[in-house]
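*Asks:* got a structure for you, letters missing:
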């Protein structure tokens, strides 16, 4: 077994463990379908069961039928190197498969990234008075960023963020606070009290990101910049902040999935190296 095989095995164990304390698991045709219990938050997905071979198009269709029955998204995730041969069956079953570079931090610490002038980076404190507001603003930035994907500067800015920043339910805020307190989650944001340099109207939360942890392994997820504030280095600086916090908490393996090759090249500047391909499949 190579070092790469060992590392991919650790990541597979991590992927399998992340949802288990918040989900029930249904075993369908070689897949584990993770279905949230009564805990608030985004729905989970189906993954090949640990050690299971790639399924057929019929297997994927059986899982999709159960997802529709339950009213949950028809979403699948896996690593191509761990479950080779699943991409074509997934496509044959009517899914569009995104191939995302899977990257692991190979440097001892992330390389320094410049913080844009006018921006401040900080970790979210679940015991602070403004935690719920920070969480809502971070969610709004992420919604706007992922709705307008890519790295090009977009139109959505502070007005759209504020319009979308609806107060989160008490249960959702409490659940996230507990995940942070117990070390399962780390959240950070970039904000600009007076406006970014050359763009004084860009005030408030302008980028957000987080990491989810199981034992010695953590995944950086949800790094998002308000579309109008892109191309300033906010995402890279924020990722460095999240990674340093995971390292300080004792995490040994830090990894992420980049949206595309252009984004992967940015993460490489922090010391991340590609080791494989994450597959994310949803209805075409």
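*Replies:* Yep, it's here. It should be emphasised that the depicted structure is a prediction, and the values quoted were computed from it without experimental measurement.
*Asks:* alpha carbons only for contacts and neighbour counts from here, please
*Replies:* Noted.
*Asks:* Which strands or helices does the lengthiest helix in the chain pack on?
*Replies:* What stands out as the longest helix in the chain, according to DSSP state H, is helix 131-147. Counting contacts by 3 or more CA pairs under 8 Å, 6 or more residues apart in numbering; DSSP states H and E, helix 131-147 is packed against helix 158-164, strand 204-214, strand 217-225.
*Asks:* Give me the angle between that helix and strand 217-225.
*Replies:* 80 degrees (axes from the mean of the first three to the mean of the last three CA atoms, to 10 degrees).
*Asks:* Tabulate the helices and strands packed on helix 131-147 (CSV), appending mean neighbour count and mean pLDDT.
*Replies:* Shown next, in CSV, are the helices and strands packed on helix 131-147 (neighbours: other CA atoms under 10 Å; pLDDT from 0 to 100):
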stretch, mean neighbour count, mean pLDDT
helix 158-164, 16, 95
strand 204-214, 25, 97
strand 217-225, 24, 97
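*Asks:* can you state the direction angle for the longest helix of the chain and strand 204-214?
*Replies:* Calculated by the same axes, to 10 degrees, helix 131-147 forms an angle of 90 degrees with strand 204-214.
*Asks:* what sits up against helix 131-147?
*Replies:* Outside helix 131-147, the residues that touch it by CA atoms under 8 Å, 6 or more residues apart in numbering are 124-125, 156, 160-162, 164-168, 173, 189, 205-209, 222-227.
*Asks:* and the helices and strands packed on helix 131-147 as JSON lines, adding distance to residue 87?
*Replies:* Formatted as JSON lines, the helices and strands packed on helix 131-147 follow (distance: least, CA to CA, whole Å):
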{"stretch": "helix 158-164", "distance to residue 87": "35"}
{"stretch": "strand 204-214", "distance to residue 87": "26"}
{"stretch": "strand 217-225", "distance to residue 87": "23"}
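*Asks:* Tell me which of these lies nearest to residue 233.
*Replies:* strand 217-225 (9.4 Å; CA to CA).
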